[in-house]
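> Sequence first, then the predicted structure, then my questions.
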Amino acid sequence: MDLSTTYCGLKLKHPLVVGASPVAADLETAQRAQDAGAAAIIMHSLFEEQLIGERHASIYHMELYANAHLEAHSYFPPVSDYRLGKHEYLDHIRKLKKNLSIPVIASLNGTSPGGWTDWAGLMEQAGADALELNVYYIATDPQETCWQLEDRIVETAASVRKVIKIPMAVKLSPFFGALPHLVARLDDAGADSMVLFNRFYQPDIDIAELETRPTLRLSDSSELLLRLRWLSILFGQTHATLACSGGVHTHEDAIKAVMAGASCVQMVSAILRNGIRHLAEVVREFENWLIQKEYRSLKQMLGSMSQSHCPDPQAFERANYMRTLHSWRVQGGVVV
Ligand SMILES: Cc1cc2nc3c(=O)[nH]c(=O)nc-3n(C[C@H](O)[C@H](O)[C@H](O)COP(=O)(O)O)c2cc1C
């Protein structure tokens, strides 16, 4: 069975990879992920805030007043929680490259064009096989338009592209008014791949302490559906290859992601919850399933359930929406 796939300019033995997370932050854990069969590993992010002096200072400022006021608290993790400083991050890329045979993808996380993007070049020099640029951002300013926001994301991607030759993926959030258009612009700006999607970490409110509480809840398979929808819409509409990130816990989830159009399937929560051996099981069951169903290769399955063959995807989406809303019935006073 040929499970090989090309993602972000990299030839992978199969699509299942470890997504950006603490898994790669420790060499021994990363080696165990490789032994469990991971086709590649993505490092946790190095943040713009870690690379820019003034913003970094403001994080310290927030820490100082961390417990003083609801608004100032818990927006940023304590600086000590950034696992590796910027120089250690580069050293860690070298260490991973020296000890692993699978591709190592570095991750840079930021939202504005500027000097910090030069660090992408240093990541390349340190040996990263590709770079994932995460543009996590929540618009909170009523004066900021969606055009300004999207222009900034595209400019950020273009400025990273300028300093590196290795392939670049952009990790996006799902909440854009016209996602396919943004993806087309990023494609033009030189992105090789799109990662769908970031998860939003939504702080809760502690009503007794009057504090916001960061909540890091691991995902479950229900989060996959949003990814499946957008993978299937974008597949065939962009030159960029697509990765699924979010809600992949089983081999069935991974199969759905590939059928929708993902060349790469990233897993984090499932590994953190069940241990790295879980990855080995998913890889094994994934392959078994394709053999049982008599696929000859992964390529045959890729995008097979996407909307690329649908003559009018917009009408299809609308029809599905209506069908879903008309599918309920009331039986004995309850909706079934
Ligand atoms: C503990 C933890 C740390 C993470 N760190 C990063 C990070 O540094 N950079 C990043 O782009 N995503 C990070 N993520 C997000 C994951 O890469 C992934 O997009 C998200 O967890 C959804 O995938 P999942 O459903 O398989 O967990 C992190 C997730 C978790 C749970």
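Ah, there it is.

> going forward, measure contacts and count neighbours with C-alpha atoms only.
Noted.

> list the contacts for the closest residue to G37 other than its chain neighbours?
Nearest residue to G37 in three dimensions, chain neighbours excluded: A280, at 5.7 Å (CA to CA, 6 or more residues apart in numbering). For A280, the contact set (CA atoms under 8 Å, 6 or more residues apart in numbering) comprises A36, G37, A38.

> Enumerate every residue touching the second one.
Under the criterion of CA under 8 Å, 6+ apart, the neighbours of G37 are L279, A280, V283.

> Ok, the last one next?
Under the criterion of CA under 8 Å, 6+ apart, the neighbours of A38 are L16, V17, V18, I102, L279, A280.

> residue ranges for the helices of the chain, please.
Assigned by DSSP state H, the helices in the chain fall at 27-35, 48-51, 53-64, 86-99, 119-126, 146-163, 179-188, 224-234, 251-260, 269-274, 277-292, 298-301, 313-325.

> How about the second one and the ligand, touching?
No. Applying CA under 6 Å from any ligand atom, one finds helix 48-51 separated from the ligand by no less than 11.9 Å.

> Poorly predicted segments of this structure, please.
53-83 (pLDDT under 70).

> Distance to the ligand added to the contacts of A280, as TSV?
Formatted as TSV, the contacts of A280 follow (distance: CA to the nearest ligand atom, whole Å):
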residue	distance to the ligand
A36	16
G37	16
A38	14
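
> For the protein, list the residues in contact with the ligand, please.
So far as CA under 6 Å from any ligand atom goes, the chain lies against the ligand at 19-22, 44-45, 134, 198-199, 218-219, 245-248, 267-269.

> What about the residues you listed, which are in strands?
H44, S45, N134, S245, M267 (DSSP state E).

> so the second one touches A106, yeah?
To tie it back to what came earlier, the one meant is S45. Yes. With contact defined as CA atoms under 8 Å, S45 counts as touching A106 (7.3 Å).

> rewinding a little: going by neighbour count, which of the contacts of A38 comes out on top?
In terms of neighbours by other CA atoms under 10 Å, the contacts of A38 top out with L16 at 29 neighbours.

> Quick one, which of the residues of the chain next to the ligand are buried?
The neighbour count (16 or more other CA atoms under 10 Å) marks 19-22, 44-45, 134, 198-199, 219, 245-248, 267-269 as buried among these.

> Residue in the stretch 51-200 of the chain with the shortest distance to the ligand?
Of the stretch 51-200 of the chain, the residue with the smallest distance to the ligand, taken as CA to the nearest ligand atom, is N198 at 4.9 Å.

> Now do the same contact list for that residue.
Here N198 is in contact with Y136, K171, L172, S173, P174, S245, G246 (CA under 8 Å, 6+ apart).

> where's the residue lying closest to K13 once chain neighbours are set aside relative to A270, distance?
Nearest non-adjacent residue to K13, counting by CA to CA, 6+ apart: S4, 4.3 Å away. Applying CA to CA, to the nearest Å, the value for S4 to A270 is 22 Å.

> Give me the more crowded residue out of those two.
The neighbour count for S4 versus A270, taken as other CA under 10 Å, is higher for A270 (20 against 16).

> Double-check that one against S245; I have them as touching.
No. Taking contacts as CA under 8 Å, A270 lies outside contact range of S245: 11.5 Å.

> Would you confirm that D118 contacts R161?
No. In this structure, D118 is not within contact of R161 by CA under 8 Å, at 9.9 Å.

> who has more neighbours, the two?
Neighbours per residue (other CA under 10 Å) separate D118 from R161, with R161 holding more: 22 against 16.

> Next, the contact list for the closest residue in space to the more buried one that isn't next to it in sequence, please.
Distances taken as CA to CA, 6+ apart put G190 closest to R161, at 6.2 Å, once the chain neighbours are dropped. Applying CA under 8 Å, 6+ apart to G190 gives the contacts A157, A158, R161, M168.

> start to end distance for stretch 33-47?
Terminal-residue distance, stretch 33-47 (CA to CA): 24 Å.

> and M1, how many residues sit next to it?
12.

> quick one: I207 from P214, how far?
14 Å.

> For D206, see how far away V18 is.
Remark: distance between V18 and D206 (CA to CA) = 33 Å.

> Could you do T6 as well?
In terms of CA to CA, T6 sits 46 Å off from D206.

> Look up the closest residue to Q202, ignoring the ones flanking it.
Once flanking residues are discounted, Q202 sits nearest to T215: 6.5 Å by CA to CA, 6+ apart.
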